[in-house]
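Colleague: any chance you could fold what I've pasted below:
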Amino acid sequence: MSVAKSVRRAEAAWARLVARTRAEDGFGLIELLIAMTVLSVAIAAQLTVFSAGFTSLHRASRKGTAVMLADKQMEIYRTIAYSCVYLTSATGDTTYSGDSAYSASQVTAADCSPNTTPPTSATTASQTVTGPDSLSYRIDTYIVSVTPTGGRAMKKVTVVVRGITAGTVGGVMARASSSFDQGWA
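Modeller: Residues are numbered from 1 along each chain as shown. Here you go, the predicted structure:
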């Protein structure tokens, strides 16, 4: 009798489970839709984070390239004689003349005798170059003569690098400045 009673209880429990499952028709679909919505929101948040990270890396890469180009330009002046630190022409567009380093009395010359002629990149006020990242950058060079109180004249060289996007010159990405003394070779 005990076995028959256990079988009836099991059958009754099974019948209740089947009835309960049938009573919840469609409830699983609602749960699935809610879970998919939550998952979609989480995935969208992850994509936003990845996109922001990519943008930051791209910006940092461009800034790093600009700093490298400014250093490279400044190194040219460190390798030439003091008399060869000049610009052949100190004119440019409003971006060039609108920079805080611009002075109407920039150091200009035609040659640096008896020394060898400096490279064109050292005497050009504004030039467009392609960086190692295959993007365009504009390098503006400003050279002014400054004389500290009680000192001798020095040349202050400022190099400004701006990014170029779709032919439009952007804001300053890097700025380097150095002073060169007459006593320097």
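
Colleague: give the next helix or strand downstream of the helix or strand harbouring residue 11.
Modeller: Using DSSP states H and E, residue 11 sits in helix 2-23. Using DSSP H and E, the next helix or strand after helix 2-23 towards the C-terminus is helix 27-78.

Colleague: tell me what angle that following helix forms with helix 2-23.
Modeller: If you take axes from the mean of the first three to the mean of the last three CA atoms, to 10 degrees, helix 27-78 sits at 60 degrees to helix 2-23.

Colleague: tell me what helix 27-78 is packed against?
Modeller: helix 120-123, strand 136-146, strand 154-165, strand 168-181 (3 or more CB pairs under 8 Å, 6 or more residues apart in numbering; DSSP states H and E). Where C-beta positions appear, they are placed from N, C-alpha and C, glycine not excepted.

Colleague: report all helices and strands that the second one contacts.
Modeller: Using 3+ CB pairs under 8 Å, 6+ apart as the contact criterion, the elements in contact with strand 136-146 are helix 27-78, helix 94-97, strand 126-130, strand 154-165, strand 168-181.

Colleague: columns mean neighbour count, mean pLDDT and distance to residue 20 on top of the ones you listed, output as TSV?
Modeller: What follows is the helices and strands packed on strand 136-146, written out as TSV (neighbours: other CB atoms under 10 Å; pLDDT from 0 to 100; distance: least, CB to CB, whole Å):
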stretch	mean neighbour count	mean pLDDT	distance to residue 20
helix 27-78	13	92	11
helix 94-97	14	88	76
strand 126-130	14	93	72
strand 154-165	20	94	64
strand 168-181	14	93	66
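
Colleague: not including adjacent chain positions, what is the nearest residue to residue 91?
Modeller: Of all residues not flanking residue 91 in the chain, residue 125 sits nearest, at 6.9 Å (CB to CB, 6 or more residues apart in numbering).
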